[in-house]
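J.: give the three-dimensional model of this entry:
(one chain, ligands or ions: 1)
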Amino acid sequence: MTTPTRTLLVKIFGRDRPGLTAGLFDTLAAYRVEVIDIEQIVTRGRITLCALVTPPVGATEGELRATIHSWAGALRLEAEIISGTGDNEPRAPGRSHVTVLGHPLTADSTAGIASVITGTGGNIDRIFRLAKYPVTAVEFEVSGTATDALRTALATAAARLGVDVAVVASGLQRRAQRLVVMDVDSTLIQDEVIELFAAHAGCAAEVEEVTAAAMRGELDFEQSLHARVALLAGLEESVVDKVREEVRLTPGARTLIRTLKRLGYQVGVVSGGFTQITDDLKDRLGLDFAAANTLEIADGKLTGRITGPVVDRAGKARLLTGFAAEAGVPLAQTVAVGDGANDLDMLNAAGLGVAFNAKPLVREAAHAAVNVPFLDTVLYLLGITRDEVEAADTTG
Ligand SMILES: [Mg+2]
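T.: Here you go, the predicted model:
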């Protein structure tokens with residue numbers, strides 16, 4: 001058995017200013033130590049700098065301690081030097097990223113999340129802030145527990161604590177996501193497009209009644225789609241342009257798409273709504289893929305029918321698979337985002353399925369859930385920080 005190597009942990013804390021890191025390592029350089037690990041963080045102007053180094057060469061540990069303390073004292077910093085052996089303990093297997101979105105993030109919910117992680121046998125190895133806008137997003141790096149078990153335990157706690165929690169497995173997979181496919185109605189946009197058409201046709205109440213019947217399980221998606229579109233028969237084609245103008249993007253939608261495109265992602269939409277709207281969104285937002293149902297138009301009027309195959313729950317999952325094939329991206333490297341029951345197959349088929357302000361049924365089935373009304377929070381689930389988004393906006 002080899003004797004573990006002696007190491008020194010040097011920790012500095014105090015008011016941050018330029019040159020501190022250089023100053024510490026200049027001081028250590030005189031003792032010819034080898035640097036094994038460094039961690040530095042600045043929180044509200046206070047620096048915490050930790051260096052794990054080998055023992056001094058040609059001098060005693062006591063001499064090194066005295067020099068560090070005198071350097072730190074002159075700069076009014078606190079210094080602590082802890083003797084020990086070896087490197088950091090290797091992280092246990094079973095590694096996950098836990099993203100917590102708070103609006104606001106309270107101490108109470110943070111305590112709740114941390115104790116659930118510990119309760120599943122997990123260890124919190126690292127915590128850092130991803131964003132302070134439009135929500136406070138914090139990421140916990142956890143080891144020692146299975147991702148699925150952690151996700152289940154935290155999903156229950158999150159609802160109770162009033163925060164969103166997304167748990168994804170660590171590893172290269174997380175950095176390999178390359179295609180994001182979104183639902184449109186109540187996901188990419190705030191509206192339900194059929195309701196916008198219905199308002200122009202003067203049949204809002206009737207359309208609502210069909211929607212309610214479908215929610216009660218009396219009609220399936222395809223039946224309810226046909227029944228609702230039939231109510232639009234005779235509507236002037238010019239209404240399509242009006243509806244395009246009425247559509248309101250979800251806050252954060254442009255930021256999400258712009259950032260994903262910069263990162264080289266392909267981005268698409270699949271909708272149980274209509275190509276007359278989704279094709280326009282594709283052009284406006286520079287999307288790579290769009291698919292939806294097509295309203296039949298004849299003699300300048302909606303006929304009340306749709307043409308071509310119906311995009312329903314199974315159809316959405318098929319389209320995701322097709323887009324992935326076209327993009328040359330394995331399904332495991334796709335992200336799907338949606339709010340409705342007809343998004344469930346797509347969310348399950350994707351490598352990461354995100355329920356966006358969804359009904360409990362959808363939330364429970366998805367890999368991750370976001371319940372704040374900002375679409376750009378999806379970026380945080382992918383580990384992208386607000387700083388990175390804003391820096392890209394400045395240079396782009
Ligand atoms: Mg929807």
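
J.: need the contact list for Glu141.
T.: When contacts are counted by C-beta atoms under 8 Å, 6 or more residues apart in numbering, Glu141 touches 95-98, 124-127, 170. The C-beta positions use only the backbone N, C-alpha and C, and glycine is treated the same way.

J.: what subset of those residues is buried?
T.: Among the contacts of Glu141, the ones that count as buried by 16 or more other C-beta atoms under 10 Å are 95-98, 170.

J.: quick check: of these, which lies closest to Glu245?
T.: Nearest to Glu245 out of those is His97 (C-beta to C-beta; 39.9 Å).

J.: need the three-state assignment for the closest one.
T.: strand (DSSP: H, G, I helix; E, B strand; the rest coil).

J.: where does the residue nearest to it when sequence neighbours are not counted fall, secondary structure wise?
T.: Nearest non-adjacent residue to His97, counting by C-beta to C-beta, 6 or more residues apart in numbering: Val168, 5.3 Å away. Assigned by DSSP states H and E, Val168 falls within strand 164-169.

J.: next: Met346.
T.: helix 344-349.

J.: and the helix or strand bottoming out on mean pLDDT in the chain, what's buried?
T.: Of all helical and strand segments in the chain, the minimum by mean pLDDT, DSSP states H and E falls on helix 172-175, at a mean of 75. Neighbour-count burial for helix 172-175 flags Arg174 (criterion: 16+ other C-beta under 10 Å).

J.: do stretch 137-148 as well
T.: 137-145, 147.

J.: over to stretch 279-287?
T.: 279-282, 285, 287.

J.: okay, that stretch in PDB with CA atoms only?
T.: In PDB, the C-alpha atoms belonging to stretch 279-287 read as follows (Å, rounded to 0.1, in the frame of the first residue of the first chain):
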ATOM      1  CA  ASP A 279     -45.600  28.400 -41.400                       C
ATOM      2  CA  ASP A 280     -45.700  32.100 -40.700                       C
ATOM      3  CA  LEU A 281     -44.100  31.500 -37.200                       C
ATOM      4  CA  LYS A 282     -41.400  29.400 -38.900                       C
ATOM      5  CA  ASP A 283     -40.500  32.300 -41.200                       C
ATOM      6  CA  ARG A 284     -40.700  35.000 -38.600                       C
ATOM      7  CA  LEU A 285     -38.600  33.100 -36.000                       C
ATOM      8  CA  GLY A 286     -36.200  31.400 -38.400                       C
ATOM      9  CA  LEU A 287     -37.300  27.900 -37.400                       C
END
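
J.: ok so, going back, after the least confident helix or strand of the chain, which helix or strand is next?
T.: strand 179-182.

J.: wait, does the helix or strand just after that next one make contact with the ion?
T.: As assigned by DSSP H and E, the chain's next helix or strand after strand 179-182 is helix 193-201. No. Helix 193-201 stays clear of the ion (C-beta under 5 Å from the ion), getting no nearer than 9.8 Å.

J.: list of residues touching helix 193-201?
T.: With C-beta under 8 Å, 6+ apart, helix 193-201 has contacts from 184-185, 204, 206-208, 228-229, 231-232, 234-235, 239, 242-243, 246-247, 271, 273-274, 277, 302.

J.: and what of stretch 57-73?
T.: Taking C-beta under 8 Å, 6+ apart as the rule, stretch 57-73 contacts 8, 10, 12, 14, 23-24, 27-28, 30-33, 55-56, 78-79, 81, 83.

J.: what's the ChimeraX line that selects buried ones from these?
T.: ChimeraX command restricting the contacts of stretch 57-73 to the buried ones, with burial defined by 16+ other C-beta under 10 Å:
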select :8,10,12,14,23,24,27,28,31,33,55,56,79,81
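
J.: host element of the residue of the chain most remote from its centre?
T.: Largest separation from the mean C-alpha position in the chain: Gly58, at 50.6 Å (C-alpha atoms, centre = their mean). Using DSSP H and E, Gly58 falls within no helix or strand.

J.: so how far is the ion from it?
T.: 69 Å (C-beta to the ion, to the nearest Å).

J.: before we move on, what about Thr145?
T.: 33 Å.

J.: phi, psi for the closest residue to that residue other than its chain neighbours please.
T.: Excluding the flanking residues, the one nearest Thr145 by C-beta to C-beta, 6+ apart is Gly122, at 3.6 Å. Note on Gly122: backbone dihedrals following degrees, to the nearest 10 are phi -80, psi 160.

J.: quick one: mean pLDDT over stretch 344-356.
T.: Mean pLDDT, computed over stretch 344-356, is 95.

J.: and the end-to-end length of that stretch?
T.: Counting by C-alpha to C-alpha, to the nearest Å, you get 12 Å between the two ends of stretch 344-356.

J.: what are the contacting residues of that stretch?
T.: By C-beta under 8 Å, 6+ apart, stretch 344-356 touches 166, 168, 173, 177, 181, 183, 187, 270, 313-314, 316-317, 319-321, 330-339, 343, 361-363, 365-370, 375, 378, 381-382.

J.: cool, and stretch 45-56?
T.: 5-16, 20-21, 24-25, 28, 31-42, 61, 63-64, 87-88.

J.: buried subset of these, written for PyMOL?
T.: Per 16+ other C-beta under 10 Å, the buried members of these correspond to this PyMOL selection:
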select buried, resi 7+8+9+10+12+14+16+20+24+25+28+31+33+36+64
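
J.: for Gly94, which three-state class applies?
T.: Quick answer, by three-state DSSP: Gly94 is coil.

J.: coming back round to it: okay, now the residue nearest to Thr145: neighbour count?
T.: For Gly122, the neighbour count with other C-beta atoms under 10 Å is 26.

J.: Pro4 too?
T.: 10.

J.: which residues does the closest residue to it other than its chain neighbours contact?
T.: Nearest non-adjacent residue to Pro4, counting by C-beta to C-beta, 6+ apart: Thr85, 3.9 Å away. Residues in contact with Thr85 (C-beta under 8 Å, 6+ apart) are 4-7.

J.: redo those as JSON lines? Include secondary structure.
T.: As requested, the contacts of Thr85 are arranged in JSON lines below (three-state DSSP):
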{"residue": "Pro4", "secondary structure": "coil"}
{"residue": "Thr5", "secondary structure": "coil"}
{"residue": "Arg6", "secondary structure": "strand"}
{"residue": "Thr7", "secondary structure": "strand"}
